[in-house]
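A.B. asks: Here you go, sequence then predicted model.
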Amino acid sequence: MTNNQKDEVLMKAAVEIDPDLQYEIGNGTLGTTLYIYVPTKEQSRIIRAKVPHKFGGLIAIVICTERQGSGI
């Protein structure tokens, strides 16, 4: 995948999913992957329901970046 193609997928994701999220394209175990970083668990549920398993020809993975307390 060329840099221009990656840029197109990232722009499409920002427009179609949410412009306030962070996106990254990298190599995953199943091939080239679109990683979508979401700040809260609640928002990650919404985005997971919205985004297909393949977006722009790439595997789409939603990652929640919210930190949980230590519980200690």
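C.D. replies: Great, that's in hand.

A.B. asks: what's the single longest helix in this protein?
C.D. replies: If you go by DSSP state H, the chain has its longest helix at helix 3-16.

A.B. asks: which residues sit against it?
C.D. replies: Defining contact as C-beta atoms under 8 Å, 6 or more residues apart in numbering, one finds that helix 3-16 is touched by Leu21, Tyr23, Ile25, Leu34, Ile36, Phe55, Gly56, Gly57, Leu58. (Each C-beta comes from the backbone N, C-alpha and C, glycine too.)

A.B. asks: Distance from the chain centre to it, please.
C.D. replies: In terms of C-alpha atoms, centre = their mean, to the nearest Å, the centre of helix 3-16 is found 11 Å from the chain centre.

A.B. asks: Distance from whichever helix or strand comes after it to the middle of the chain?
C.D. replies: As assigned by DSSP states H and E, the chain's next helix or strand after helix 3-16 is strand 22-28. From the chain centre to the centre of strand 22-28 is a distance of 7 Å (C-alpha atoms, centre = their mean).
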